[in-house]
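>>> coords please:
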Amino acid sequence: MQRSSRRAEPAGIRAAPILLGAAALAALVLSSAPTSAQAPERGPVVLSLGFGARAQGLGGALQPGEQDPDAVFANPALAALAGGFGLGWQRFDSEGTAVSVSSARSWFGGGIFGGVQALDWNGSTRPEAYPGGVDPLVAEGGEGASELALTVGYGRTLFGLRAGVAAKYWVQRYGASNVAGLAFDLGLARRLGPGWLHARARNLGAPATWGEVEVDLPVELGLGWGAYGRPLGPLDLGGAIDVSRRADGEWLVGGGLEFGYWPIRGRTFVARLGARTVPEGDASPFSLGGSFWGDDLVIDYAFQPAEGSDGIHRVTLGWR
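Residues are numbered from 1 along each chain as shown. Here you go, the predicted structure:
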């Protein structure tokens, strides 16, 4: 069966170090995250767009078992493993579009990476009214709203763990007004059994002020696991699961399965099914997706239905 092309890492599989790291990240996030009483809004939305087409097809769970350029926006510890170059496109109903560009490469004993995300919306709700999640955007929109986030980071192996840090510069615009700020991501990852266990703290930073509105970052703590390449008859089987907690106290749980078939070496077709919790909005908890992997070319697609709209479509093109 076809296996991951990722280079080998140390074979230790004890989970205690990464679980301790996850606890430390949790303490950091919970101590720095605003309470729901202090932060009725979350933003910017571009920092909460998920982890790419493959993850969307797996119920929002990142698949660290294979190279994925969208890891740049998910977990800086995994981004350094990703390598390659990626282009992403996402469509919300008929009024919102998000695009992304990402790249990672080996550098100075580890990996350096960077990415750009942009969101444009033409709906009927001012940006300070949307709470920062994808699902309310599908239901409500944001009039003339646009957002941009630039990400750079570095990761390497330390004491048997993959560790990474990323810095983000973000901008929200509405008409002639705008607000900008900084955010930071921290990540840890380690081999566990056939896959990777990983922890993250995303969008840490101070809130910004837009007029009389305080724009709080969509702080998130997450823990996930994923693996790909287990043989099941003529198929390669993979799966991923993810649990995260947002700054507003909501818990998100998602996961999915993927099935790969390669009739010719270097030509692999993948189908995915996923499910996740949806705390707000009209999006379905279920998603599906597929991929074509041809040598170094990767094409991923995912779809999540949403009541009263065309749903959420996402495409990622990558070179490994």
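>>> in stretch 301-313, what's buried?
For stretch 301-313, burial by neighbour count (16 or more other Cβ atoms under 10 Å) applies to 301, 302, 303, 304, 306, 309, 311, 312, 313. Every C-beta, even on glycine, is put in place using the N, C-alpha and C of the backbone.
>>> With just CA atoms, put that stretch into CSV.
Taking C-alpha atoms only, stretch 301-313 is exported to CSV below (Å, rounded to 0.1, in the frame of the first residue of the first chain):
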residue,chain,number,x,y,z
TYR,A,301,-12.0,19.4,-2.5
ALA,A,302,-14.6,19.6,0.3
PHE,A,303,-18.2,20.5,0.7
GLN,A,304,-20.3,21.3,3.7
PRO,A,305,-24.1,21.8,3.2
ALA,A,306,-25.9,24.8,4.8
GLU,A,307,-29.6,25.4,5.0
GLY,A,308,-30.9,28.2,2.9
SER,A,309,-27.6,28.6,0.9
ASP,A,310,-25.3,26.9,-1.6
GLY,A,311,-23.2,25.7,1.3
ILE,A,312,-19.4,25.9,1.8
HIS,A,313,-17.1,24.8,-1.0
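>>> tell me the mean pLDDT over that stretch?
Mean pLDDT, computed over stretch 301-313, is 85.
>>> burial count for the nearest residue to residue 180 once chain neighbours are set aside?
Closest residue to residue 180 apart from its sequence neighbours, by Cβ to Cβ, 6 or more residues apart in numbering: residue 171 at 4.5 Å. By the measure other Cβ atoms under 10 Å, the count of residues near residue 171 is 17.
>>> hang on, residue 171 is in a strand, isn't it?
Yes. Counting by DSSP: H, G, I helix; E, B strand; the rest coil, residue 171 falls inside a strand.
>>> Residues in contact with stretch 285-301: which ones?
Stretch 285-301 is contacted from outside by 52-54, 56-60, 84, 86, 256, 260, 266-278, 302-305, 313-320, using Cβ atoms under 8 Å, 6 or more residues apart in numbering.
>>> Which ones among those lie within helices?
When these are checked against helices (DSSP state H), the matches are 53, 54, 56, 57.
>>> any idea how far residue 70 is from the third one?
As for residue 56, its distance to residue 70 is 10 Å (criterion: Cβ to Cβ, to the nearest Å).
>>> what's the answer for the last one, then?
Per Cβ to Cβ, residue 57 is found 12 Å from residue 70.
>>> Check residue 234 too.
Distance, residue 234 to residue 70, by Cβ to Cβ: 28 Å.
>>> quick one, helices of the chain?
Remark: helices assigned in the chain by DSSP H are 16-32, 53-57, 76-82, 134-140.
>>> which helices and strands does the shortest one pack with?
Which is helix 53-57. Identification of packing neighbours for helix 53-57 by 3 or more Cβ pairs under 8 Å, 6 or more residues apart in numbering; DSSP states H and E yields strand 267-276, strand 286-294, strand 297-304, strand 312-319.
>>> Settle this for me: residue 92 is touching residue 312, isn't it.
Yes. Assessed by Cβ atoms under 8 Å, residue 92 is found in contact with residue 312 at 5.7 Å.
>>> State the distance from the residue nearest to residue 84 when sequence neighbours are not counted to residue 59.
Leaving aside its sequence neighbours, residue 84 sits nearest to residue 320 (Cβ to Cβ, 6+ apart; 4.2 Å). In this view, residue 320 and residue 59 are 24 Å apart by Cβ to Cβ.
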